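Q: Quick one, structure for this:
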Amino acid sequence: MLASRAAQISLREAALAAVTPGFYLYLRAVIEPCVLRAGFLLPIAAGPIAGGAVAVRDGRIVWVGTADSSGRPSWPVRELGPGVLLPGLVNAHTHLELSALRDRVTGAGFTEWVAALVEARGLVAPEATREAVRSAISDLEQRGTVAVGDVSNGLEHVDLLGESRLSAVVYYEQLAWAPERARRVLDQAEARLRELRLPAHVVVRLAAHAPHSVSPPLLRAMAARGGPAALHLAESPDEVRFLRTGDGAWSDFLRARVGGVDFDAPGLSPVAYAEALGVLHPGLVAAHCVQVDASDVGRLARHGVSVVACPRSNRRLGLGVPPVPELLAAGVNVALGSDSLASAPSLDVLDDAVALRREFPALAPGAILSAATLGGALALGFDDLGTLVAGRRAALAFAPGPPSLDEPEAFLLSGRARVRSVA
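A: A predicted model of the protein is given here:
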């Protein structure tokens, strides 16, 4: 019996050693039964627990409570020390393929920034882009992010996500303003998706860039097929003006890029226009939603749209911030995203949570931290992430803190906390 047990352990160790060193440590942490104990536990689904602990087996949470609670499994205890144990972060909107553009894109306004982005992107070699993406993925993993909603125009880096331990939804984004291209663009995109062979933790979904950069026929065609899965929506005043009047900076940009294309401005807000095209639907992930009023908030809530706030990126481009308290009050699921390194200094959504706290100091800290975890998990469709509940995946993060820590949520949003993966 002992020899057989030793053989099983040896085989398991050999299997673990066959994967990359980082993933090896991760697998050991989530497969071997253990109890993780920290100064505070933040389940997200409930309030903070002092002296909280989580029992983990085979990659799943099997028990949550205090260290001295009855029913705690008698497994080895791993002491994390003072600080906060919480669900792994979810970055629900980013552009990994733009990671090589850190500090390389400037612009005095939204349209000017987009023009500079297009120019800068064309100057980066594919090898440099892949290396920057690889580095960004590693940084996300180390900083306690467990899932991403990644927007991609080319899908050239999805293999790198497949090699990572991040759960990912990659939004294959289409941009096509010419109406006559709509059918061809959609057919080609769907053919590309059928060709993909990806591991289970990476999913690719068809998305559209925005209502001011995708033709009405293409948006209607995608809506007729149950999509798009994601959309940049109501991000800038330039977008609002173009859809209301058909002129302004964005009209000039399109004319310079694709020539004269007939477009009858609907005279609607971006959200109302998306609704008229049938684009709003449960499951849609709408990034930004800065330029929205009470009627738009009601539309988003009515259609079950998830909104991803990107407060640092929005402020960097001078666009303002989305009305997160009003969105939450209306029942809209709100998540957080960093956007890209072309418009934000990091991909760490805890930094966005801190920024959101500064914008809305009266907003409950728990609501902000929920957006950085559970809100993102719900938006991306990862129903086993985002909260510390028995049965959920043991995708955990830990923020070391001082021994005197007594307000864990305030600490996480103070700007002093640094979250790391639990491995």
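
Q: Going by C-alpha atoms from here, please, whenever you check contacts or count neighbours.
A: OK.

Q: Before we go further, Gly154 is sitting in a strand, right?
A: No: using DSSP: H, G, I helix; E, B strand; the rest coil, the secondary structure at Gly154 is coil, not a strand.

Q: Against Val118, how distant is it?
A: Counting by C-alpha to C-alpha, to the nearest Å, the gap from Gly154 to Val118 is 14 Å.

Q: Then Cys34?
A: 49 Å.

Q: Tally up the residues packed near the closest residue in space to Gly260 that isn't next to it in sequence, please.
A: Once flanking residues are discounted, Gly260 sits nearest to Leu254: 7.9 Å by C-alpha to C-alpha, 6 or more residues apart in numbering. Neighbours of Leu254 under the rule other C-alpha atoms under 10 Å: 15.

Q: now Arg225
A: Quick note: Arg225 (other C-alpha under 10 Å) scores 8 neighbours.

Q: wait, what's in contact with it?
A: Going by C-alpha atoms under 8 Å, 6 or more residues apart in numbering, Arg225 touches no other residue.

Q: Same check on Glu275?
A: Arg299.

Q: Can you read off the pLDDT for it?
A: Listed pLDDT for Glu275 reads 98.

Q: SS state for the closest residue to Ala371 other than its chain neighbours?
A: In space, and not counting its chain neighbours, Ala371 is closest to Ala335: 4.3 Å by C-alpha to C-alpha, 6+ apart. Under three-state DSSP, Ala335 falls in the strand class.

Q: unless I'm mixing things up, Ala335 is touching Ala367, no?
A: No: Ala335 lies out of contact with Ala367 (C-alpha atoms under 8 Å); the separation is 10.1 Å.

Q: what about these two, which has more around it?
A: The neighbour count for Ala335 versus Ala367, taken as other C-alpha under 10 Å, is higher for Ala335 (33 against 18).

Q: in this structure, what spans have low per-residue confidence?
A: For the chain, the stretches flagged by pLDDT under 70 are 1-31.

Q: who are the neighbours in contact with the most centrally placed residue in the chain?
A: Among the residues of the chain, the one closest to the centroid is Ala92, at 1.4 Å (C-alpha atoms, centre = their mean). By C-alpha under 8 Å, 6+ apart, the contact set of Ala92 is 147-150, 308, 335-338, 376-377, 379-380.

Q: and it, which of the three is it?
A: Ala92, by the three-state scheme (three-state DSSP), is strand.

Q: Give me the nearest residue to it, chain neighbours excluded.
A: What sits nearest to Ala92 in space, not counting adjacent residues and going by C-alpha to C-alpha, 6+ apart, is Gly149, at 4.4 Å.

Q: again, but for Leu413
A: Closest to Leu413 by C-alpha to C-alpha, 6+ apart is Val354, at 4.8 Å.

Q: Just to check, that neighbour is in contact with Arg416?
A: No: the criterion here is C-alpha under 8 Å, and Val354 misses it with Arg416 at 9.6 Å.

Q: So which of those two has more stuff around it?
A: When neighbours are counted by other C-alpha under 10 Å, Val354 and Arg416 differ, and Val354 comes out ahead with 22 against 12.

Q: which stretch of helix or strand covers that one?
A: helix 349-359 (DSSP states H and E).

Q: okay, now Ser70: neighbour count?
A: Count around Ser70 with other C-alpha under 10 Å applied: 8.

Q: Likewise for Ala108?
A: Neighbour tally, Ala108, other C-alpha under 10 Å: 9.

Q: Number the chain from 54, please
A: Okay, using 54 as the starting number, the last item reads as Ala161.

Q: still on that earlier bit, Cys87 and Val171: who's more crowded?
A: Neighbour totals were compared for Cys87 and Val171, and Cys87 leads with 19 against 11 (other C-alpha under 10 Å).

Q: one step back: same for the helix or strand harbouring the residue nearest to Ala145, what does it pack against?
A: Secondary structure from DSSP H and E places Gly202 in strand 198-205. Here strand 198-205 touches strand 142-147, strand 220-227, going by 3 or more C-alpha pairs under 8 Å, 6 or more residues apart in numbering; DSSP states H and E.

Q: and these, which is most packed in?
A: Comparing the helices and strands packed on strand 198-205 by mean neighbour count (mean count of other C-alpha atoms under 10 Å), strand 142-147 comes out on top with a mean of 33.

Q: and stretch 360-371, which residues are buried?
A: 360-367, 369-370 (16 or more other C-alpha atoms under 10 Å).

Q: swap in stretch 213-221?
A: The neighbour-count check on stretch 213-221 (16+ other C-alpha under 10 Å) flags 214-215, 217-221 as buried.

Q: Could you dump those residues into JSON lines with distance to Arg237 added?
A: Formatted as JSON lines, these follow (distance: C-alpha to C-alpha, whole Å):
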{"residue": "Leu214", "distance to Arg237": "28"}
{"residue": "Gly215", "distance to Arg237": "29"}
{"residue": "Ser217", "distance to Arg237": "33"}
{"residue": "Arg218", "distance to Arg237": "35"}
{"residue": "Leu219", "distance to Arg237": "32"}
{"residue": "Ser220", "distance to Arg237": "31"}
{"residue": "Ala221", "distance to Arg237": "27"}
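
Q: can you count the residues close to Gln195?
A: 17.

Q: Surely it and Ser474 touch.
A: Yes: taking contacts as C-alpha under 8 Å, Gln195 lies within contact range of Ser474: 5.5 Å.

Q: Quick check: Ala200 touching Ser217?
A: No: between Ala200 and Ser217 there is no contact under C-alpha under 8 Å: 10.5 Å.
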